[in-house]
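[1] Got a predicted model here, sequence first, then my questions.
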Amino acid sequence: MELNTLIVEDLSCAGQVSLTSALPILGAAGCQPTILPTTLLSTHTGGFGNNTYLDLSNEMVKIIHHWQTIPLTFSNILLGYLGKQPAKIILNYLPLLSAKNSFILLDPAMADNGQLYRGFDLDYVSQIKKIASHADLLTPNVTEAELLLGQAPTNSSITLATAQALLSGLKNIFPAAAIVLTGVKLKNQIAVLGIENFSREIWQVTVTKKQGDFFGTGDVFASLLLTYLIHHYDLLTAVKLSMNFISKSISAVKAKNPSDQRFGLDYSSQLPVLLKQLEFERGK
């Protein structure tokens with residue numbers, strides 16, 4: 001995979017979520033990131049009260065039109081939290097942003113814990129579903145998977161068999177995409193289930209569940225996953241390394257400072273480990 005990478009998601013001014021986590025990770029890893037902010041928020045929408053929200057869809061169109069004059073397209077595209085109008089723009093302009101054989105990772109970033117994020121509705125789910133049909137890799141959590149399948153989301157724990165059924169259901173809708181189902185809670189473990197493109201075989205990776213719930217963990221996971229894939233790791237290995245990175249980051253934060261988890265995951269302690277892994281891979 002080539003290094004030229006576009007990150008399309010919101011910019012939350014406070015906290016390690018969305019662009020404020022994706023840009024440092026992909027930049028440090030040498031993935032040559034370019035950003036296309038979709039919305040500007042004072043904070044993310046979970047736990048801080050009435051955050052400000054500025055839709056950047058008009059500016060997005062101007063930016064894309066300017067890029068066309070360069071011309072500028074991207075070999076790798078990371079799509080995260082978009083917003084209602086920005087999602088429509090991405091759906092319309094994605095072919096112009098994509099280089100030949102570009103790789104598109106969509107983190108649906110619209111729901112969690114059994115409910116949609118504030119400001120989203122089922123029409124937005126339909127928009128994301130249309131965008132998902134263009135993706136090479138999807139990374140929904142359990143709630144997002146249920147919504148993409150047209151199911152009523154639930155906040156209760158699910159069994160491994162139910163998680164596998166969700167993954168198989170998504171594969172029926174998006175047969176050409178690889179799918180990674182995140183955040184599956186199994187007793188004292190967190191599982192991630194995966195299925196490759198044009199495959200029916202399901203694999204799973206588990207880590208010990210850490211106490212607490214850090215916002216933006218899915219954003220960090222998607223950024224890491226794309227980083228490893230760009231550097232030629234296979235999907236299963238990329239998932240294992242990404243989960244290990246996040247698990248150790250959480251442990252490091254808890255050991256140093258039990259900070260306000262609304263501000264997201266302080267992953268800085270693990271960046272040197274990531275860079276050493278990538279350097280080793282390049283040296284093979």
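    The structure has been received and is ready for your questions.

[2] can you pull out the helices in the stretch 151-284 of the chain?
    Counting by DSSP state H, counting those that start in this stretch, the stretch 151-284 of the chain has helices at residues 160-173, 217-230, 235-256, 271-282.

[3] Tell me which of these is the most buried.
    Compared across the helices of the stretch 151-284 of the chain, helix 217-230 shows the largest average neighbour count, a mean of 26 (mean count of other CB atoms under 10 Å). For the C-beta atoms, the positions are set from N, CA and C on the backbone; glycine is no exception.

[4] Residue 74: which of the helices of the stretch 151-284 of the chain is closest?
    helix 217-230 (11.6 Å; CB to CB).

[5] tilt between the closest one and helix 271-282?
    In terms of direction (axes from the mean of the first three to the mean of the last three CA atoms, to 10 degrees), helix 217-230 departs from helix 271-282 by 20 degrees.

[6] Please export the C-alpha coordinates of helix 217-230 as CSV.
    Taking Å, rounded to 0.1, in the frame of the first residue of the first chain, the C-alpha atoms of helix 217-230 are listed here in CSV:
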residue,chain,number,x,y,z
THR,A,217,-10.7,4.3,21.7
GLY,A,218,-12.3,3.3,18.4
ASP,A,219,-10.7,6.2,16.7
VAL,A,220,-7.3,5.2,17.9
PHE,A,221,-8.0,1.6,16.9
ALA,A,222,-9.0,2.5,13.3
SER,A,223,-6.0,4.8,13.0
LEU,A,224,-3.6,2.0,14.2
LEU,A,225,-5.3,-0.6,12.0
LEU,A,226,-4.8,1.5,8.9
THR,A,227,-1.2,2.3,9.9
TYR,A,228,-0.3,-1.3,10.2
LEU,A,229,-2.0,-2.2,6.9
ILE,A,230,-0.2,0.6,5.1
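
[7] Okay, angle between that helix and helix 235-256 too, please.
    140 degrees.

[8] can I get the helices of the stretch 151-284 of the chain in TSV with distance to residue 123?
    Shown next, in TSV, are the helices of the stretch 151-284 of the chain (distance: least, CB to CB, whole Å):
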stretch	distance to residue 123
helix 160-173	18
helix 217-230	22
helix 235-256	31
helix 271-282	38
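
[9] Contacts only, for residue 262.
    15, 43, 46-48, 215 (CB atoms under 8 Å, 6 or more residues apart in numbering).

[10] Save the helices of the stretch 151-284 of the chain as a markdown table, and put in distance to residue 83 and mean pLDDT too.
    Output for the helices of the stretch 151-284 of the chain, formatted as a markdown table (distance: least, CB to CB, whole Å; pLDDT from 0 to 100):
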| stretch | distance to residue 83 | mean pLDDT |
| --- | --- | --- |
| helix 160-173 | 23 | 97 |
| helix 217-230 | 15 | 96 |
| helix 235-256 | 25 | 87 |
| helix 271-282 | 29 | 85 |
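
[11] Right, I'll leave it there.
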